[in-house]
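**Student:** fold the following, please.
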Amino acid sequence: MRTTDTTNCDLLERAAEHCFWFGVGDFAERLARANAPYGIAKIHWAQEQLGLPPDATFVSAPDVTVTRNAARWEAGIVYGGRYQWSGDLFPLELKPNYCGATIAGLVDPPDPIALRERCAELTGSSLRIEGVALKWNFHVSNHFVNVYRVPETTSDVEFPFLAYLHGSAHELQEPTELGPGLYWDRSEVTRQMAERIETPWGPLHVLVGNGLQSYLEFCRRAEAATAEYRCRYVRELFSEAEILFNGTHQGALGTSSMLLGC
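**Tutor:** As a prediction, this is how the structure comes out:
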């Protein structure tokens, strides 16, 4: 509990004690360790403003690092781990986008040149899902299409080759027919749904009440649409592929948790 004698340094120290690290000790983790307490301190502050215990935590993954999103990093949010807190609220600075990975089994390897040409053909294409045109963007940022040979010593995979698509639908960051937009800094509608809480380390945009429920319902639709988007592009590239896995590594896990996987 914060008292009148509690300093901002005390609050940052408390926040640091709520961060748990399992990285490899590289420079990326060192940067994350320096930045994460600011984001946790902001969430603690918001929790106390809302009459909740300041118990938000960050648990890192081994590949914890700097987020590619500048606004997220400037808010004190790091990449590669799980944020968790108590209470029905959601800090929009976490910026879920439902990026994920789809893995499909292949019996035969694709011709590399033909696959590259097909990817080039699909660049600029789009798929209409739930009334929204979602463009191919597997050539953007850290999104990719890869094919891997499964080692013969691997006994639990029945396919000799695996296709791996990593990406998300950028259009859903803004308002669309599907909902108000995932990113508070790219959607005036989403920003207006939030309560702006001023903290000693900058503002935090927090969803509570009806706004929170409405946003999370949209998140579920966005996750489903993004998963379908990846699956359909798998089939555009590999007609005989069998989908083995289609999961999210960057999204809200209900009202009180957020996965920010690399």
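**Student:** okay, CA-based contacts and neighbour counts for the rest of this
**Tutor:** Will do.
**Student:** shaky segments in the chain?
**Tutor:** Low-confidence segments of the chain (pLDDT under 70): 1-5, 262.
**Student:** just the helices in it please.
**Tutor:** Assigned helices in the chain, in chain order: 8-17, 27-49, 70-74, 112-122, 188-193, 209-237 (criterion: DSSP state H).
**Student:** list the contacts of the closest residue to residue 109 other than its chain neighbours.
**Tutor:** Nearest residue to residue 109 in three dimensions, chain neighbours excluded: residue 161, at 6.4 Å (CA to CA, 6 or more residues apart in numbering). By CA atoms under 8 Å, 6 or more residues apart in numbering, the residues touching residue 161 are 105-109, 147-150.
**Student:** ok, 10 Å please
**Tutor:** Applying CA atoms under 10 Å, 6 or more residues apart in numbering to residue 161 gives the contacts 104-110, 147-151, 241.
**Student:** residue 136 now?
**Tutor:** Counting by CA under 10 Å, 6+ apart, the residues that residue 136 touches are 119, 122-127, 167-170, 229-230, 233.
**Student:** ok, now residue 251?
**Tutor:** Here residue 251 is in contact with 82, 94-100, 219-220, 222-223, 257-261 (CA under 10 Å, 6+ apart).
**Student:** cool, residue 197 as well?
**Tutor:** Contact analysis of residue 197 by CA under 10 Å, 6+ apart lists 42-43, 45-46, 49-50, 203-206.
**Student:** just the buried residues from those, in ChimeraX please.
**Tutor:** Entered in ChimeraX, the line below selects the buried ones among the contacts of residue 197, by 16 or more other CA atoms under 10 Å:
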select :42,43,45,46,204,205,206
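**Student:** hang on, the earlier thing: nearest to residue 138, out of the helices of the chain?
**Tutor:** Residue 138 sits nearest to helix 112-122 of all the helices of the chain, at 8.6 Å, using CA to CA.
**Student:** now do that closest one: distance to the chain's middle.
**Tutor:** Centroid separation between helix 112-122 and its chain, computed with CA atoms, centre = their mean, to the nearest Å, is 28 Å.
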